[in-house]
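[1] Only the shape, not the letters, is given here:
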């Protein structure tokens, strides 16, 4: 399934790249794009594991950029 | 934002007043500097603390705070405060620049409709386009954006398609016409039956293509991310070595001096400017292209375009309109009208596009009673009995097989006609060349393309005539669909440069996929073509290919400038810092300053050439 999220206050390009790299390594994630300019994440992932994946994403994002707020759309 | 600004001003005031306190009043001076540090750097300090709490020691904020605290420890108070102060000022500029580029890219992408006027039981309600289902009826008023793809069931208007196609001439639509989301309704009110959900609508698909374009990274993007990955650790190790080794090894070198230099390294060690420099340029380029109705599905294709040496065109539908038109009627011993009439009657059973073009040229009703019999001879033409006369109409092979002497015609597809075994003339049919196709090869050669090829299933004589008019270097004609891939591979093998293929995307998907960059023409509304191609030209203007190549070169240049520029400044500043020629304040420029300049430079990719 495909999920989009807005990453509010994503302010460092390197962090966006790091977030993308870490999320793409998660189990069940098929592909992920973190677009720094649009402050957007587009995720394609296994539907059955989606809750775990979301929890992991939360951890990753807040470790790298504590002030970012994730809003799924 | 406002609070940050107030704190920053307070920090600056405290900083300046601290500078006026004589060094003899040490305690007061230190207190003022500390207060200035906390005021101007509060945000940075908080973020650093949060980062450390989560186990992330190497983010930009942490590095800055460590550098500043280090400077305090070696009693470089003014430097310590200045670094944080300048860093914050730089960050504000950076924020502004990033926001501005986000906004201008957002404007390009601002084709997303905000609402739909849903018609239920004669009442209109404003709803989210997401909630509208297939088969629902919506109303689009004058000046409103079409929210979903659909078919007009009532009303007439002009549509402004420029947001999708870059085409400024409005398109007239009326009942039963298909309309696409993202267009703007200019005057009349349209009642529309929705044919696609919002997620499948043209507008959503285009936005998604552009947003995910960053996934298809070009080699220069990959290079810079790899570089950035090693850059920070290497600089940090260098900083450590710089702080420890010289004081130990060199006589008279003090720890505090070299620690100061090492702290400057920390300030420059953030790779953000590097990481943003290239993708932002590409994103600008892709956004700028989208504004012109050219969709590019990733940075890698921009790169391919800019390195392209060969362009391979499909003929029908790409260089030509794909509509067959009677060009010449060469009658022998009868009038031209008679010849055309005979041919139309003979070909009446045929559904071939050639027969259709004959009927179009004839333009009169056909009296079926005149046709006694008619049969198709596959691969040759037709044999018919009309008004008691035996008519043969078809290609040269048909004449040869019946041993009828005939005059060969050139310039297109020819239909030869014989009545009672006597040759009566030929009709030349050819595909009309698009008006902007005449100059496209010349334009492409001007922007660096070396060879232009044409692939076609058409017969050689017709293909050669078209190619000559267009200035194509080499033609491969009479190809079956799978031979097109073979020929393309041959061209690619014989060239060191990149090869782009331009087709209509309808029946040449394998060729589009095989090329270094496959371009589909006139793809607006054709899902298959949007899917198959790497680059999509929304209108059928083949001249836009030259625009795309030009834009790709400009974008690549900006990306290269950004790489060279940001890497060179950072390394230059590192060298100057290690010899203590410049201090921490310049080092801050190596971080935020470079970033701001890279962002501003990338802007140019989005702007149109004057």
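    Okay, I see it. Everything quoted here is computed from the prediction, not taken from an experiment.
[2] wait, isn't residue A:32 in contact with residue A:25?
    No. Contact criterion CB atoms under 8 Å: residue A:32 and residue A:25 do not qualify, at 9.6 Å. In this view, the C-beta of every residue, glycine as well, is placed from N, C-alpha and C.
[3] Who has more neighbours out of the two?
    Here residue A:32 and residue A:25 are compared on neighbour count by other CB atoms under 10 Å in any protein chain shown; more neighbours surround residue A:32, at 22 against 11.
[4] Quick check: beta-bridge partners of that one?
    The bridge-partner assignment for residue A:32, based on DSSP bridges, gives residue A:43.
[5] So what touches the host helix or strand of residue B:361?
    Assessed by DSSP states H and E, residue B:361 sits inside helix B:353-362. Outside of helix B:353-362, the residues that reach it under the criterion CB atoms under 8 Å, 6 or more residues apart in numbering or on different chains are B:323-326, B:340-341, B:343-344, B:347-348, B:366, B:413, B:415, B:427, B:429.
[6] which among those end up buried?
    Neighbour counting by 16 or more other CB atoms under 10 Å in any protein chain shown classes B:324, B:326, B:340-341, B:343-344, B:347-348, B:413, B:415, B:427, B:429 among these as buried.
[7] Flag the least confident of those residues.
    The lowest pLDDT within the buried ones among the contacts of helix B:353-362 belongs to residue B:413, with 78.
[8] how does chain B divide into domains?
    Under the assignment automatic domain parsing, the domains of chain B span B:116-207, B:322-432.
[9] next one: phi and psi at residue B:373?
    Backbone geometry at residue B:373, expressed as degrees, to the nearest 10, gives phi -150, psi 160.
[10] Could you list which residues are in contact with it?
    When contacts are counted by CB under 8 Å, 6+ apart, residue B:373 touches B:384-385.
[11] what bridges to it?
    Bridge pairing for residue B:373 - DSSP bridges - gives residue B:385.
[12] So it versus chain A, what's the distance?
    Using CB to the nearest CB, to the nearest Å, residue B:373 is found at 60 Å from chain A.
[13] Can you give me the pLDDT of that residue?
    The predicted local confidence for residue B:373 is 84.
[14] Excluding chain neighbours, what is closest to residue 47?
    With no chain named, the answer covers chain A. What sits nearest to residue A:47 in space, not counting adjacent residues and going by CB to CB, 6 or more residues apart in numbering or on different chains, is residue A:1, at 4.5 Å.
[15] my bad, chain B
    Leaving out its chain neighbours, the residue that sits closest to residue B:47 by CB to CB, 6+ apart is residue B:61, at 4.1 Å.
[16] Mind giving me the packing neighbours of the lengthiest helix in chain A?
    Under DSSP state H, the helix in chain A containing the largest number of residues is helix A:50-64. Packed against helix A:50-64, as judged by 3 or more CB pairs under 8 Å, 6 or more residues apart in numbering or on different chains; DSSP states H and E, are the following elements: helix A:13-24, strand A:40-45, strand A:69-72.
[17] swap the cut-off to 7 Å and go again
    Under the contact criterion of 3 or more CB pairs under 7 Å, 6 or more residues apart in numbering or on different chains; DSSP states H and E, the helices and strands touching helix A:50-64 comprise helix A:13-24.
[18] Do any residues in the helix it packs on lie close to chain B?
    Yes. Contact check for helix A:13-24 against chain B, using CB under 7 Å from any CB of the partner chain: residues in range are A:13-14, A:17.
[19] contacting residues for the residue in chain B positioned nearest to chain A?
    Of the residues in chain B, the one nearest chain A is residue B:276, at a distance of 3.6 Å by CB to the nearest CB. Remark: with contacts taken as CB atoms under 7 Å, 6 or more residues apart in numbering or on different chains, residue B:276 is in contact with A:13, A:36, B:595, B:598-599.
[20] So which residues of the stretch 1-150 of chain B form helices?
    In order along the chain, the stretch 1-150 of chain B carries the following helices (DSSP state H, counting those that start in this stretch): B:2-20, B:26-53, B:60-73, B:77-108.
[21] The first one - contacts with which helices or strands?
    The contact analysis (3+ CB pairs under 7 Å, 6+ apart) places helix B:2-20 against helix B:26-53, helix B:77-108.
[22] what about residue A:3, neighbour count?
    One way to gauge burial is a neighbour count; for residue A:3, by other CB under 10 Å, it gives 17.
[23] tell me the contacts of residue A:26?
    A:53, A:56.
[24] tell me the phi and psi of it?
    The phi and psi values for residue A:26, taken as degrees, to the nearest 10, are phi -70, psi 150.
[25] and if you look at residue B:252?
    Dihedral pair for residue B:252: phi 80, psi -10, per degrees, to the nearest 10.
[26] Next, residue B:454: secondary structure please.
    Under the three-state scheme (DSSP: H, G, I helix; E, B strand; the rest coil), residue B:454 adopts strand.
[27] Could you pull up the residues touching it?
    Contacts for residue B:454 (CB under 7 Å, 6+ apart) come out as B:313, B:315, B:463, B:467, B:472, B:475.
[28] same thing but 6 Å
    With contacts defined as CB atoms under 6 Å, 6 or more residues apart in numbering or on different chains, residue B:454 is in contact with B:313, B:315, B:467, B:472, B:475.
[29] Can you tell me which of the residues you listed is nearest residue B:263?
    Distance to residue B:263 across these (CB to CB) is lowest for residue B:313, with 59.7 Å.
[30] List the contacts of the host helix or strand of the closest one.
    With elements delineated by DSSP H and E, residue B:313 resides in strand B:308-314, which encompasses its position. Outside of strand B:308-314, the residues that reach it under the criterion CB under 6 Å, 6+ apart are B:319, B:444, B:449-455, B:488, B:491, B:495, B:497-503, B:508.
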